[in-house]
Every structure is written in C-alpha cells, then in structure tokens.
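J.: Prediction below, plus the sequence it came from.
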Amino acid sequence: MHIEIDKDVCIGAGQCALTAPGVFTQDDDGFSMLVPGRADGAGDPMVREAARACPVGAITVTDSEPAPTQAD
C-alpha cells in the first residue's frame, strides 16, 4: 500500500488522524502527515476510510508503490 498526502490541498481538518490514528497524525501547523514508519499503512484497515473521510481529497491510497520514472 502506498499513501500520499497532497500538502497543497490539505486544510488540516484532521479526519484522517481521527479515523486511522495509527497511520495519520498532524504536524505543528495542523496539517496531515504520516506517522513515522507507517508510510505503508501498517496493515491498518481504516486507511482507505481515512482517505475517503478527507473533505478535500488530499489523500491518495494505492495498492503498491508507484513505478519509478525513467530519465530520458
């Protein structure tokens, strides 16, 4: 599982941290961030629900790591 938080979109509502506190937290400014060491979701079944709970859609959850891009 791969989780991304778009910091430019996040408004700091905190719904992700309330839904999956073992994976999401908030920084000193109140914006969402991943708990250190939990970037893979740590098997938490609530990660996808936390992404759906985000009122601005700042969280993207995919099943695997994105493929590396090749330099041209």
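T.: Ah, there it is.

J.: For this structure, which residues score under the pLDDT cut-off?
T.: 65-72 (pLDDT under 70).

J.: where do the strands sit along it?
T.: 2-5, 24-26, 32-34, 59-62 (DSSP state E).

J.: Now do stretch 56-65: everything it contacts.
T.: When contacts are defined by Cβ atoms under 8 Å, 6 or more residues apart in numbering, stretch 56-65 is touched by residues 1-7, 9-11, 13, 16, 32, 41, 47-48, 50-51. The C-beta positions use only the backbone N, C-alpha and C, and glycine is treated the same way.

J.: Kindly recompute the last result at 7 Å.
T.: 1-6, 9-11, 16, 32, 47-48, 50-51 (Cβ atoms under 7 Å, 6 or more residues apart in numbering).

J.: which two from those end up farthest apart in space?
T.: Pairwise distances across these (Cβ to Cβ) peak at 23.8 Å, for the pair M1 and I11.

J.: Out of the contacts of stretch 56-65, grab the one that's most surrounded.
T.: In terms of neighbours by other Cβ atoms under 10 Å, the contacts of stretch 56-65 top out with C16 at 28 neighbours.

J.: List the contacts of K7.
T.: Applying Cβ under 7 Å, 6+ apart to K7 gives the contacts F31.

J.: Quick check: it vs P45, distance?
T.: Using Cβ to Cβ, to the nearest Å, K7 is found at 25 Å from P45.

J.: What values do phi and psi take at F31?
T.: Main-chain torsions, F31, degrees, to the nearest 10: phi -90, psi 150.
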